[in-house]
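Visitor: Provided below are the primary sequence and the corresponding predicted coordinates.
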Amino acid sequence: LPMLLQAPYEVSVYLDSDIYACGPNVLGDLLFEAAGEARTGVFCMREGVRKVDKVNYVHGGILAWRTVSPLARAFVRSWLRHYLAVIRATQLLEKSGSIYEQPSLTRVADATQAVVGAAAVHFWDESALARSHLIGGLEPYRQRL
C-alpha cells in the first residue's frame, strides 16, 4: 500500500492479478468513465457478496485515483493507516488468517462519502470484473465471453 502514494502518473490504477475482466474492453471502459468524472479523485467498485461472510466490500483488487488530488492522496493514506492499525491489533490478539484490506478500504470509502459527499468516491459497476470466491463465481466472466 505505501507504494500507491508514489505513483508517477496523473491517474493511477492498481489492479490485482486474481481478477477477471468481463469483456475485451472493460479496463478501457472503466478508465474512460473515470475521465468523465473530473470532480472525483477515487474510483473503485464493490466486490459483490462474498460466500464466506455475505458482505459486499469495496473491492481491494481494483482502485484508481488521481495522484494530483489532495483528497485522493488523503484517501489512500487513510486506507493505509486504518489497514495497518487493524493488522497490528489482530497481531496483538494473536489472531491470524483473514486479510483486512477490503474491510479497511470499505470503511474509508464509506466514511469519505459520508463526510465529503457521494461524488468524492465513484463506484464502477461491479459486473465489469469477476472473482472466483464470490457468490456468483466466474459466471459473469463466462457470460461475456
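Guide: Now that the structure is in, tell me what you want to look at.
Visitor: Which residues outside the longest helix that the chain contains are in contact with it?
Guide: In the chain, with assignment by DSSP state H, the single longest helix is helix 70-92. Under the contact criterion Cβ atoms under 8 Å, 6 or more residues apart in numbering, helix 70-92 has outside partners 1-2, 4-5, 41-42, 65-67, 96, 100-101, 103-105, 107-109, 111-112, 116, 120-121. For every residue, glycine as well, the C-beta is placed using N, CA and C.
Visitor: Quick one: buried ones out of those?
Guide: Buried residues within the contacts of helix 70-92, counting neighbours by 16 or more other Cβ atoms under 10 Å: 1, 4, 41-42, 65-67, 100-101, 103-105, 107-109, 112, 120-121.
Visitor: could you pull out the strands for the chain?
Guide: For the chain, the strands defined by DSSP state E occupy 11-15, 20-21, 42-45, 62-66, 121-124, 129-130.
Visitor: Tell me which of these lies nearest to residue 27.
Guide: strand 20-21 (5.9 Å; Cβ to Cβ).
Visitor: Show me what the closest one is packed against.
Guide: strand 129-130 (3 or more Cβ pairs under 8 Å, 6 or more residues apart in numbering; DSSP states H and E).
Visitor: Now render the strands of the chain as TSV, adding mean pLDDT and distance to residue 83.
Guide: Compiled in TSV, the strands of the chain are given as follows (pLDDT from 0 to 100; distance: least, Cβ to Cβ, whole Å):
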stretch	mean pLDDT	distance to residue 83
strand 11-15	86	13
strand 20-21	72	25
strand 42-45	92	14
strand 62-66	90	13
strand 121-124	92	17
strand 129-130	64	21
